[in-house]
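Participant: With the input below, show me the fold.
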Amino acid sequence: MVSRRPPRPEKQAGPKRFSPSGKHGKGLKLLFIHQNFPAQYFHIALHYAADPANTVVAVGEAANLRQRQALPGVIYLGYDLPPAAQAPNAHTHHYVRRHEMNVRRGQAVARLLAQMREQGFDPDVICVHPDWGEALFIRLIWPQAPILAYAEHYDDPNGPLLDFDPAFPATPDMRCMALAANATRAISFADATHLQTPTRFQWQKLPPVFRAHASLLYDGINTRAFRPDPAAALVLAAQATAPARGAGGEYDDAFAAAPLPAWFPMRQTALKLTRAEPVVTFISRTLEPFMGWPAFARAIPLIQAQCPQAHFVIVGRTSDGYGPPPPNDANWRDLYLEEIRDRADLPRLHFLGTVTPEVICHVLALSRAHVYLVYPFSLSYSPVEAMSSAAPLVLSDTAPAREIADDGVEALFVDFHSPEAIAEAVLRLLRDPALAARLGQAARARALARYGRDVWLPRWKGVIETLARGETPGKCDPRL
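Facilitator: Numbers count the residues shown, from 1 in each chain. Below you'll find the model as predicted:
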């Protein structure tokens, strides 16, 4: 059974005294810095921490670390975020408010790192995600240490992202903000010894000066956990906003989703979903335009008109998205629910909020059609996890999705903006089990061959250990 309240890492009052050469005088001394650790570093940090010869230290925001399950063997050190870094200063120009917040965070990190240095810690390699400012001042603390920076994104004021969605046209002000948003990244990338980026699309978005020093390193997914399961089931409690649980397990019910509107019908009895029902799934970090929620929501009544027995399991929070906030303090989920409320069979829509990976395993294993839509932006884990689960996929015809699958081979591709195309593809999968099975099996094979953690751990180790030897990793092969 999944632990309802996993163990939390203790917040350290101050840095411990470190052995100058690892726990037992040998091995690697690795420092991972991420405000929400482990995040993308989960698999690689866990791997190195499993060897007692290594010293693996994680630095992150203390409040976040207390909410995460501790990785065994990892030393956790938390920094407190200064109040001025938690909200933008109204007197600062709006182009650089985020950068100012990042600088304040970076200052808090630098103070902690300086204490670690004074206690004798001298890392062999530092892995850091720079988007929140944590990498800004590392080089001042350890001038010679190899720094591997996670290059997840670089804004292009004239690129496809800002001009992608006609519903949200870019203004000159937005383009200026996009350019200024790169300040933290540019400083951090320039100070780094080497960069890593998870996909070809993200590698290609880097400026040439940074692209030349970046390796392609996908995070890797757990293909053993995300696997086909004919017996998969999901139990939904008798309350519309209550958490779900996978058969045989529970999960932490602290999820970031606003209560559903008062007019949304509450579930009166518990419901168990299995693969015997046509279940359509949609997973997004936040239900917002950036991740295709409007088009998917509008597709729901169209699917229900042709397949009224279909259930829709929808995972995602309602705040803190990648794109612009909705008007009038609303949330995007409810805005588009309001639009379809008179045309949709609402009791068959099941909103789970944010759930654990264990529950997502159940969701994807019972999916008869999984829909993933994304702007030309960073690729989420969920479509690759769906592939590993052999879930029949409907993908937006956008560059990040085209990288992981081929149309008609591992997925059906659709126009991101077209509810009609989305509905048609979903209905095609629900009506044609042979097609769905063929796509799912091919997707599973591709996930195993290209995206499993067992595929990428050796590559991560190769880059990290090359840097630890003082050598330069090879250039990225964009064909990977």
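Participant: ok, the residue nearest the centre of the chain - contacts?
Facilitator: The centroid of the chain falls nearest to S380 when counting by CA atoms, centre = their mean (5.1 Å). Neighbouring residues of S380 by CB atoms under 8 Å, 6 or more residues apart in numbering: I283, S284, R285, M291, Y372, V374. Glycine gets a C-beta too; all of them are placed from N, C-alpha and C.
Participant: How about the fourth one: what's its closest non-neighbour residue?
Facilitator: When you say that, I think you mean M291. S284 (4.1 Å; CB to CB, 6 or more residues apart in numbering).
Participant: part of a strand, is that neighbour?
Facilitator: Yes. Assessed by DSSP: H, G, I helix; E, B strand; the rest coil, S284 belongs to a strand.
Participant: contacting residues for it?
Facilitator: Applying CB under 8 Å, 6+ apart to S284 gives the contacts M291, G292, W293, V315, G316, S380, S382.
Participant: Just the residues you listed: which are in helices?
Facilitator: W293, S382 (DSSP state H).
Participant: May I see the contacts of S284 arranged in TSV, with distance to A110 and pLDDT as well?
Facilitator: Below are those laid out as TSV (distance: CB to CB, whole Å; pLDDT from 0 to 100):
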residue	distance to A110	pLDDT
M291	34	95
G292	39	96
W293	38	97
V315	37	96
G316	35	94
S380	31	95
S382	35	96
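Participant: Ranking by neighbours, what's the top pick from the contacts of S284?
Facilitator: M291 (27 neighbours; other CB atoms under 10 Å).
Participant: Touching, it and I314? I think so.
Facilitator: No. With contact defined as CB atoms under 8 Å, M291 does not reach I314; the gap is 11.5 Å.
Participant: re earlier: K461: which of the contacts of S380 is nearest?
Facilitator: Within the contacts of S380, the smallest distance to K461 is 28.3 Å, found for R285 (CB to CB).
Participant: That closest one: neighbour count?
Facilitator: Residues near R285, counting by other CB under 10 Å: 18.
Participant: Same question for the one 3 residues further on.
Facilitator: By other CB under 10 Å, 25 other residues sit near E288.
Participant: quick one: contacts for it?
Facilitator: The contact partners of E288, by CB under 8 Å, 6+ apart, come to G321, Y322, G323, W332.
Participant: wait, is V359 part of a strand?
Facilitator: No. V359 is assigned helix when assessed by three-state DSSP, not a strand.
Participant: wouldn't it be in contact with L352 here?
Facilitator: Yes. Using CB under 8 Å, V359 is in contact with L352, at 7.2 Å.
Participant: and the residue nearest to Q268 when sequence neighbours are not counted, which of the three is it?
Facilitator: Among residues not flanking Q268 along the chain, A238 sits closest, at 6.1 Å (CB to CB, 6+ apart). With three-state DSSP as the basis, A238 sits in coil.
Participant: Surely I340 touches A299?
Facilitator: No. Assessed by CB under 8 Å, I340 is found out of contact with A299, at 9.4 Å.
Participant: Identify, by residue count, the longest helix of this protein.
Facilitator: helix 97-118.
Participant: what about it, distance to the chain center?
Facilitator: In terms of CA atoms, centre = their mean, to the nearest Å, the centre of helix 97-118 is set 24 Å apart from its chain centre.
Participant: And stretch 34-41, by the same measure?
Facilitator: 10 Å.
Participant: helix/strand/coil for W263?
Facilitator: W263 - assigned by three-state DSSP - is coil.
Participant: quick one: contacts for it?
Facilitator: Contacts for W263 (CB under 8 Å, 6+ apart) come out as R341.
Participant: For A310, see how far away it is.
Facilitator: The gap separating W263 from A310 is 22 Å, by CB to CB, to the nearest Å.
Participant: Ok, R402 next?
Facilitator: Distance from R402 to A310, by CB to CB: 27 Å.
Participant: Tell me which of the two has more neighbours.
Facilitator: Using other CB under 10 Å, the more surrounded residue of R402 and A310 is A310, with 20 against 16.
Participant: For that one, give me the pLDDT.
Facilitator: A310 carries a pLDDT value of 98.
Participant: Leaving out the residues flanking it, which one is nearest to it?
Facilitator: Excluding the flanking residues, the one nearest A310 by CB to CB, 6+ apart is P278, at 4.5 Å.
Participant: can you check L349 too?
Facilitator: Nearest residue to L349 in three dimensions, chain neighbours excluded: F312, at 4.9 Å (CB to CB, 6+ apart).
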